[in-house]
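# Would you be able to build a 3D model of this:
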Amino acid sequence: MDARFWGMMELLDTILGIGVEKLNWWQMGLRAVIVFFVGLLYIRVANKRIFGRHSAFDIVLGVMFGSIMSRAITGNSPFFPTLVAGLVLILLHRLLAAAAYRTGSGVSNFLKGHTVTLVRNGELQREVMQAHNITENDIHEAIRSSGKPEELEKVKSACLERSGSISVVMED
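Sure thing, here's the model as predicted:
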């Protein structure tokens, strides 16, 4: 390798604080800017889904991604390997999401959970509600949120969705 390459690497080491024990304010600030744009690029690779649906699968990966990327900013882990770890996590998310899509409900239900019916034809499904820690007040809140009159007997179905939200379908 020529001297220009090594000179550039030394400059990069100095600017980003690679290998230093304590980062100064401007090195951490520059790392934050770089991690912001790298993170933005990674989210584009993930098709924004990692922060869009909020299933347990998405939340766990989102928290892990944020944790990993923050380590690159604060210098708690080596800069470039940490960025690579963030990319690996995003690619893992895409791979598992594609597997869930292509393989049907088994993998999808394992990764993202499944929908359960809480109310059927105006009748509360109390065992299901108890199993998922859903109260009757939660059902009434979902009915109000749907903009419909709060009449449980007119609920055709209410489901606990994979995202944790409760959807309500009223009778016509």
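# did I read that right, residue 30 in a helix?
Yes. Counting by DSSP: H, G, I helix; E, B strand; the rest coil, residue 30 is part of a helix.
# Quick check, pLDDT for it.
What the model reports for residue 30 is a pLDDT of 87.
# Check residue 86 too.
pLDDT recorded at residue 86 is 91.
# For the helix or strand it falls within, name the packing helices and strands.
According to DSSP states H and E, residue 86 maps onto helix 79-103. Judged by 3 or more Cβ pairs under 8 Å, 6 or more residues apart in numbering; DSSP states H and E, helix 79-103 is in contact with helix 25-45, helix 56-74, helix 105-112. Heads up, the C-betas are built off the backbone N, CA and C, glycines and all.
# Contacts made by the second one with the rest, please.
When you say that, I think you mean helix 56-74. 23, 28, 31-32, 35, 38-39, 42, 49-52, 77, 79, 82-83, 85-86, 89-90, 92-93, 96-97, 111-113 (Cβ atoms under 8 Å, 6 or more residues apart in numbering).
# returning to that earlier point: could you save the helices and strands packed on helix 79-103 as JSON lines and add columns showing distance to residue 164 and mean neighbour count?
Below are these laid out as JSON lines (distance: least, Cβ to Cβ, whole Å; neighbours: other Cβ atoms under 10 Å):
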{"stretch": "helix 25-45", "distance to residue 164": "22", "mean neighbour count": "14"}
{"stretch": "helix 56-74", "distance to residue 164": "8", "mean neighbour count": "17"}
{"stretch": "helix 105-112", "distance to residue 164": "11", "mean neighbour count": "14"}
